[in-house]
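**Q** sharing a model that was predicted from the sequence below.
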Amino acid sequence: MALTFAEDDKGILPDRMIAALAAAGGIVPARPFAPDQIQPASLDLRLGTVAYRVRASFLPGRTTVRERIESLKLHEFSLADGAVLETGCVYIVPLLERLALPNDVAAAANPKSSTGRLDVFTRVIADETRGFDRIEAGYRGPLYAEISPRTFPVLVREGSRLSQIRFRHGHAQLTAEELRDLHARERLVDDAAADVSEGVVFSVDLSGNLLAPVPGGRSGIVGYRAKRHTGLIDVERRAGYGVADFWEPIEARPDKSLILDPNEFYILASKEAVQVPPGYAAEMVPFDPLVGEFRVHYAGFFDPGFGYAGAGGTGSRAVLEVRSREVPFILEHGQIVGRLVYEKMLAPPDTLYGSGIGSNYQAQSLKLSKHFKG
């Protein structure tokens, strides 16, 4: 049975509609979905059985991804028993999910939160597309993940989930007036007087107040800098690695600033705590693309219920994955780095983020990925 929408129904598909879309043939998995694969407003995408190391990243343009792989691949290998993806290399992996979207349903992909916090650069591509992570309405064909670990080598296998995808009908982003009204009702950010007309603004917190003091330990930590030449990380292993083996804590400076060293990877946190009410989803976008000295390449999807009091949150910080470019760059406490734009859901999901679905980052402050202890 086809999944149909009225013309004026605009919004992100919630969990039960994603399941209905799959049942109607709009999502075609190579094997049945895992029990927790459908999230409140997205679907986790799974790596397939084989990976290709390629010479360079690419967009297919007028060709298929398969044709581009054949012209660029260096070698291929199986993921059935797991394989290590090395830093600095580019890999293409066909996904276990294909799409046969209705003509009025489009999709957008993004790295999962844990993927971004490991500095694994991941994008989704499809046949005959001119952009990453965006799937046009009516697309029928395979999906592929482009993967390039930047800091840590990672162990992946068939079924590993590095990306997620959302489905939407029509233009769902709130107008400035709608966003102000929602903030007045729900207080989206922990500042009742905040100007949210162009999205909730995120700035970086370098105050040293992010983590509670530990008895006998240091306080005043503002973030973490990744170490080089570490061991590998199995993306399926939770709480399996010591923080000190992979990260150096960064202590607050008296002037509340931080100099980003070129090509180093940092985990920081936002000064603002936000929430996403049940009938909405959100995505973090760059505040100003002209500020090119550093990059905040966060995993940008925020599910309904993120930070929401009714789902176990009291407002949650955004974790920022930061990398400077060619030159050192000074970040200062309160410097704006991004904004959160909100979209309508077609309906509230059956299960909110943080409500018994294994949500790892509800009510978070400064938090590394789920792979690390503590």
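**A** Alright, I've got the coordinates. Everything quoted here is computed from the prediction, not taken from an experiment.

**Q** in this protein, where is pLDDT below threshold?
**A** Regions of the chain meeting the criterion pLDDT under 70 cover residues 1-2, 211-219, 287-294, 297-299, 310-314, 354-364.

**Q** where do the helices sit along it?
**A** Counting by DSSP state H, the chain has helices at residues 15-23, 65-72, 113-117, 176-186.

**Q** so residue 55 is in contact with residue 75, correct?
**A** No: counting by C-beta atoms under 8 Å, residue 55 stays clear of residue 75, with 11.0 Å between them. For the C-beta atoms, the positions are set from N, CA and C on the backbone; glycine is no exception.

**Q** ok, these two, which is more surrounded?
**A** More crowded of residue 55 and residue 75, by other C-beta atoms under 10 Å: residue 55, with 11 against 8.

**Q** please name the nearest non-neighbouring residue to residue 150.
**A** The shortest distance from residue 150 to any residue other than its chain neighbours is 4.5 Å, reached at residue 119 (C-beta to C-beta, 6 or more residues apart in numbering).

**Q** so that neighbour sits right up against residue 154, yeah?
**A** No: contact between residue 119 and residue 154 fails when scored by C-beta under 8 Å: they sit 9.7 Å apart.

**Q** pull up the gap between residue 260 and residue 135, please.
**A** Residue 260 sits 33 Å away from residue 135, going by C-beta to C-beta, to the nearest Å.

**Q** do residue 105 as well
**A** Distance from residue 105 to residue 135, by C-beta to C-beta: 9 Å.

**Q** can you put the helices of the chain in CSV and add mean neighbour count and distance to residue 159?
**A** Below are these laid out as CSV (neighbours: other C-beta atoms under 10 Å; distance: least, C-beta to C-beta, whole Å):
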stretch, mean neighbour count, distance to residue 159
helix 15-23, 19, 17
helix 65-72, 15, 20
helix 113-117, 23, 15
helix 176-186, 14, 37
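
**Q** domains of this protein?
**A** According to automatic domain parsing, the chain comprises the domains 11-169, 176-344.

**Q** now these as TSV including distance to residue 374?
**A** As requested, the domains of the chain are exported to TSV (distance: least, C-beta to C-beta, whole Å):
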stretch	distance to residue 374
domain 11-169	14
domain 176-344	6
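
**Q** quick one: closest of those domains to residue 373.
**A** domain 176-344 (5.1 Å; C-beta to C-beta).

**Q** from the middle of its chain, how far away would the closest one be?
**A** Put simply, domain 176-344 sits 12 Å off its chain's centre (C-alpha atoms, centre = their mean, to the nearest Å).
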